[in-house]
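Enquirer: next come a sequence and a model predicted from it.
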Amino acid sequence: MDAENIGFVHFIAQSDLLSKSLLAILILMSLVSWSIIVIKFFEGMMRRQKVARFFKAFRQAKTVQEVSAVADQVSGVDYSVLTRKGVDAIHFYKESSDTPLLQSTSFTDFLTVTLRTALDEIQMTKENGLSVLATIAATAPFVGLFGTVWGIYHALITISVTGAGTIDKVAGPVGEALIMTGIGLAVAIPAVMAYNWLTRRNRVALGRLDTFAFELITVLGGTQKR
């Protein structure tokens, strides 16, 4: 087999519809994976800037009204969402304090439940895209392996029909078929690394949010006394 007849281009040219479909699936997986990675990266950069602005203003706030203004000024960040939920809880508790349910519940307990619910909602939001990355990381190698098995199968069938069983006739088609496994690994490895990176980043961010929630309970809890 001539050198110019071996390689990725030749593999694609002589592959059937199934092999080309598997390659298209791997390319689509790669595009989706890298789109999530890029989006999450820039979201993280913007988030760090907004968090710095939020805490700079939050530390200077002296009243509930000023805290509410900070949450409105620095929007789109988890800390401002949590703060807004806490401030809204104050207004709701004042307006509905005569209801039987709230009469038996202290404001601190009500605020704690409200912030815990908000933290759960934030956690679900942060996990957007992670399941897609995990799926791509788990399935891409197998898609590539399936393409390799299919390619080797057709290569061996062709060799059997033509009767050309020399090493140069066997090694070329088999080597080309292994390209699919390499592509599958090339798609899966960045997805695995990104999934681990984002999982750790979310865990750290949620831990800091949890600490901030306790601070909010202390700050806002002093505004109401049962």
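Expert: Noted; the coordinates are in hand.

Enquirer: what's the spacing between S75 and R203?
Expert: In this view, S75 and R203 are 24 Å apart by Cβ to Cβ, to the nearest Å. The way it works is simple: take the backbone N, C-alpha and C, and place the C-beta from them, glycine included.

Enquirer: let me redo that: M29
Expert: 25 Å.

Enquirer: repeat for K62
Expert: Distance, K62 to R203, using Cβ to Cβ: 33 Å.

Enquirer: who's more crowded, these two?
Expert: R203 (12 against 7; other Cβ atoms under 10 Å).

Enquirer: which residues in the protein form strands?
Expert: Shown for the chain, no strands are assigned by DSSP state E.

Enquirer: low-confidence ranges in it?
Expert: Applying pLDDT under 70 to the chain picks out residues 1-15, 97-104, 162-176, 221-226.

Enquirer: which one's the longest helix in it?
Expert: Longest helix of the chain, by residue count under DSSP state H: helix 167-221.

Enquirer: any idea how far that one is from the chain center?
Expert: Averaging C-alpha positions (Cα atoms, centre = their mean, to the nearest Å) puts helix 167-221 8 Å from its chain's average.

Enquirer: for that helix, packing partners?
Expert: When contacts are defined as 3 or more Cβ pairs under 8 Å, 6 or more residues apart in numbering; DSSP states H and E, helix 167-221 packs onto helix 8-14, helix 17-58, helix 64-73, helix 78-95, helix 107-126, helix 130-162.

Enquirer: out of those helices, the one nearest V219 is which?
Expert: Among these, helix 64-73 comes nearest to V219, with 7.3 Å by Cβ to Cβ.

Enquirer: who are the packing partners of the closest one?
Expert: Using 3+ Cβ pairs under 8 Å, 6+ apart, helix 64-73 sits against helix 17-58, helix 78-95, helix 167-221.

Enquirer: deepest of these, which one?
Expert: Ranked by mean neighbour count, the helices and strands packed on helix 64-73 are led by helix 78-95 with a mean of 19 (mean count of other Cβ atoms under 10 Å).

Enquirer: got the angle between that helix and helix 64-73?
Expert: 140 degrees (axes from the mean of the first three to the mean of the last three Cα atoms, to 10 degrees).

Enquirer: which residues touch helix 78-95?
Expert: The contact list for helix 78-95 (Cβ atoms under 8 Å, 6 or more residues apart in numbering) reads 47, 50-51, 54-55, 58, 64, 67-68, 70-72, 74, 102, 107, 110-111, 114-115, 117-119, 122, 126, 205, 209, 212-213, 216-217, 220, 223-224.

Enquirer: what's the angle from it to helix 107-126?
Expert: Between helix 78-95 and helix 107-126, the angle comes out at 140 degrees (the same axes, to 10 degrees).

Enquirer: with only the CA atoms kept, save helix 78-95 in PDB.
Expert: Below are the C-alpha coordinates for helix 78-95, written out as PDB (Å, rounded to 0.1, in the frame of the first residue of the first chain):
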ATOM      1  CA  ASP A  78     -24.900  34.100  43.600                       C
ATOM      2  CA  TYR A  79     -24.200  36.200  46.600                       C
ATOM      3  CA  SER A  80     -26.600  38.900  45.400                       C
ATOM      4  CA  VAL A  81     -29.300  36.300  44.700                       C
ATOM      5  CA  LEU A  82     -28.800  34.900  48.200                       C
ATOM      6  CA  THR A  83     -28.900  38.400  49.700                       C
ATOM      7  CA  ARG A  84     -32.100  39.300  47.800                       C
ATOM      8  CA  LYS A  85     -33.800  36.200  49.100                       C
ATOM      9  CA  GLY A  86     -32.800  37.100  52.600                       C
ATOM     10  CA  VAL A  87     -34.200  40.700  52.300                       C
ATOM     11  CA  ASP A  88     -37.400  39.500  50.700                       C
ATOM     12  CA  ALA A  89     -37.800  37.000  53.600                       C
ATOM     13  CA  ILE A  90     -37.700  40.000  56.000                       C
ATOM     14  CA  HIS A  91     -40.600  41.800  54.100                       C
ATOM     15  CA  PHE A  92     -42.600  38.600  53.800                       C
ATOM     16  CA  TYR A  93     -42.200  37.800  57.500                       C
ATOM     17  CA  LYS A  94     -43.300  41.200  58.500                       C
ATOM     18  CA  GLU A  95     -46.400  41.200  56.200                       C
END
